[in-house]
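K.L.:
Give me a 3D structure for the following:
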Amino acid sequence: MDECQKTGCGISDQKNLQDALEVSVKGSLNKIKNKIIVMSGKGGVGKTSVSVNLSIALANKGFKVGLMDVDLHGPDIPRMLGFKGMLDLSKNQKLNPMKYSENLKAVSIESLTSDKDEAIIWRGPIKHSTIRQFIGDVEWGELDYLIIDSPPGTGDEPLTVVQTIPDAKAIIVTTPQEISLADVRKSISFCKTVGMKILGLIENMSGFTCPHCGEKLELFGHGGGERTAKEKGLKFLGRIPFDLNVVSCGDSGTSIQDKYKNSQVTKAFLSIADIISEIKQDIIKNRGSDIMKFAIPLADGKLTAHFGHCKEFALIDVEENIIKKKEILEPPPHEPGVLPKWLHEQGVNVIIAGGMGNKAQVLFNEQNIKVVTGAQPLEPEELINSYLDNTLTTGNNLCDH
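P.N.:
So this is what the prediction gives:
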């Protein structure tokens with residue numbers, strides 16, 4: 001009898017629970033069409049306000065929207081939406097999100113605690129588990145959009161979202177002032193390093209119009225977000241003006257879009273919601289017609305974890321979600337930067353790997369090649385079909401280094 005059996009440590013039970021959560025997470029994500037994480041480089045830029053109002057704007061346009069608060073140390077969404085009480089259980093023994101309107105529901109750690117003023121003091125592994133449970137153990141149902149409000153910076157929470165939801169896209173919020181823009185550039189670098197697509201930048205608190213004389217004051221400068229987007233080759237989604245009613249509505253749990261329907265803030269969020277839905281519709285519309293080329297590092301005909309030292313790559317062409325062509329090529333000798341450049345020359349735009357270091361991921365991103373890590377050692381066709389069906393199972397990044 002081994003030590004685990006002697007002590008009854010329950011390791012096998014724990015693994016079964018983790019496996020069950022993995023299945024539940026995948027099941028939830030398969031019902032959600034678009035996943036968007038809202039990020040900021042620093043605190044105080046109004047990121048949560050943007051997350052809440054963007055969700056309301058999309059919901060008001062008829063989309064089914066879920067809002068997930070993964071800012072575990074500063075969960076403000078329940079107060080901004082006017083939620084009271086705690087989450088209850090569905091008939092499937094999953095947590096019911098709190099309902100704001102017919103089209104919008106939300107989940108936050110604050111709705112799971114009886115003392116709303118109690119500090120959340122958690123380390124990374126607990127955060128990782130909690131965020132996964134927010135997906136797998138919540139009755140989200142069918143959604144057009146899941147908006148994820150992340151804490152400022154590039155720590156455990158956004159990294160967990162990337163690992164758990166590999167097809168999530170990012171919206172980055174900034175103010176026009178340079179100190180905010182400097183931190184935003186770090187968020188952009190984070191997204192590129194982990195291979196997450198950025199939908200665009202939003203410039204919040206962009207100008208204040210005096211309610212008495214009508215003069216516009218640039219409290220935090222002007223145009224910095226648009227300039228940064230242009231410099232980085234990103235889409236600028238729009239400006240949200242500074243409005244005192246945003247503060248008062250947020251404090252009272254009231255939507256500025258419902259109370260002040262003709263305000264410049266309301267119009268700005270509706271415009272951004274239009275842009276985002278058009279972007280996503282274009283992606284969906286063009287997904288089947290795009291010609292994609294995948295690279296899979298092989299060992300004995302299956303994906304190998306050690307992409308940098310593999311003896312051959314499977315290069316596979318896909319058109320209208322159907323595999324059209326497969327060829328096996330021997331790569332050039334392994335040196336830093338050689339494989340990304342070589343695969344770019346072959347026309348590859350997606351590489352599926354078992355593991356890859358951050359530096360290598362950056363080099364692939366510079367060649368406009370999307371990186372998917374943590375894939376299982378399966379045959380190339382199975383991996384690609386799973387990717388196209390959005391059912392590809394990925395685990396930890398089995399880094400070469």
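
K.L.:
Could you check the pLDDT of Gln346?
P.N.:
Looking at Gln346, its pLDDT reads 89.

K.L.:
Quick check: the gap between the nearest residue to Tyr260 once chain neighbours are set aside and Glu330.
P.N.:
What sits nearest to Tyr260 in space, not counting adjacent residues and going by Cβ to Cβ, 6 or more residues apart in numbering, is Asn245, at 5.6 Å. C-beta coordinates here come from the backbone N, C-alpha and C atoms, glycine included. Counting by Cβ to Cβ, to the nearest Å, the separation of Asn245 from Glu330 is 64 Å.

K.L.:
Pick out whichever of those two has more residues nearby.
P.N.:
Asn245 (15 against 8; other Cβ atoms under 10 Å).

K.L.:
surely the more buried one meets Val265?
P.N.:
Yes. At 7.3 Å, Asn245 counts as touching Val265 under the criterion of Cβ atoms under 8 Å.

K.L.:
Find residues that contact each of these two.
P.N.:
Ile256 (Cβ atoms under 8 Å, 6 or more residues apart in numbering).

K.L.:
quick one, helices of the stretch 251-400 of the chain?
P.N.:
Counting by DSSP state H, counting those that start in this stretch, the segments of the stretch 251-400 of the chain that form helices are 256-259, 264-287, 338-345, 358-366, 380-388.

K.L.:
actually the stretch 1-150 of the chain, not the one I typed
P.N.:
3-7, 11-29, 47-60, 77-80, 124-136.

K.L.:
So which of the ones you listed is the most surrounded?
P.N.:
Among these, helix 47-60 has the highest mean neighbour count (mean count of other Cβ atoms under 10 Å), at a mean of 26.

K.L.:
just to revisit the earlier point, and the residue nearest to Tyr260, what does it touch?
P.N.:
256, 259-260, 263, 265.

K.L.:
Kindly report the domain assignment for the protein.
P.N.:
Per automatic domain parsing, the structural domains of the chain span 14-286, 291-388.

K.L.:
export those domains to TSV and tack on distance to Thr394?
P.N.:
Converted to TSV, the domains of the chain look like this (distance: least, Cβ to Cβ, whole Å):
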stretch	distance to Thr394
domain 14-286	6
domain 291-388	4
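
K.L.:
Would you single out the least confident of the ones you listed?
P.N.:
Sorting those by mean pLDDT places domain 14-286 lowest, at a mean of 80.

K.L.:
Pull the distance from it to the chain's centre.
P.N.:
Centroid displacement of domain 14-286 relative to its chain, using Cα atoms, centre = their mean, to the nearest Å, is 9 Å.

K.L.:
repeat for stretch 326-341
P.N.:
Computed by Cα atoms, centre = their mean, the chain-centroid distance of stretch 326-341 equals 30 Å.

K.L.:
hmm, who's touching that stretch?
P.N.:
The contact list for stretch 326-341, computed with Cβ under 8 Å, 6+ apart, reads 298, 307-317, 342, 346, 359-360, 363-364, 366-367, 369, 380-381.

K.L.:
In stretch 59-77, which residues are buried?
P.N.:
Neighbour-count burial for stretch 59-77 flags 59-60, 63-72, 75-77 (criterion: 16 or more other Cβ atoms under 10 Å).

K.L.:
got the contact list for stretch 95-115?
P.N.:
55-56, 59-60, 62-69, 72, 75, 77-79, 81-83, 85-90, 116, 120, 130, 134, 137-140.

K.L.:
re the thing from before, any chance of TSV for the contacts of Asn245, columns neighbour count?
P.N.:
Output for the contacts of Asn245, formatted as TSV (neighbours: other Cβ atoms under 10 Å):
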residue	neighbour count
Ile256	22
Lys259	13
Tyr260	16
Ser263	17
Val265	20
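
K.L.:
picking up where we left off before, Lys230 is nearest to which of the helices of the stretch 251-400 of the chain?
P.N.:
For the helices of the stretch 251-400 of the chain, distance to Lys230 was read as Cβ to Cβ. The smallest value, 16.0 Å, belongs to helix 264-287.

K.L.:
Quick check: the gap between Glu278 and Lys235.
P.N.:
As for Glu278, its distance to Lys235 is 11 Å (criterion: Cβ to Cβ).

K.L.:
So between these two, which is more surrounded?
P.N.:
Lys235 (15 against 10).

K.L.:
Am I right that that one is in contact with Glu226?
P.N.:
No. In this structure Lys235 lies outside contact range of Glu226 using Cβ under 8 Å: 10.4 Å.

K.L.:
Quickly list what's touching both of the two.
P.N.:
Common neighbours of Lys235 and Glu226 (Cβ under 8 Å, 6+ apart) are Leu201.

K.L.:
mind checking how far Asp243 is from Gln257?
P.N.:
To Gln257, Asp243 is 11 Å away according to Cβ to Cβ.

K.L.:
Let me fix that, I meant to ask about Met356.
P.N.:
Going from Met356 to Gln257 by Cβ to Cβ gives 42 Å.

K.L.:
between those two, which one's more packed in?
P.N.:
Neighbours per residue (other Cβ under 10 Å) separate Met356 from Gln257, with Met356 holding more: 26 against 20.
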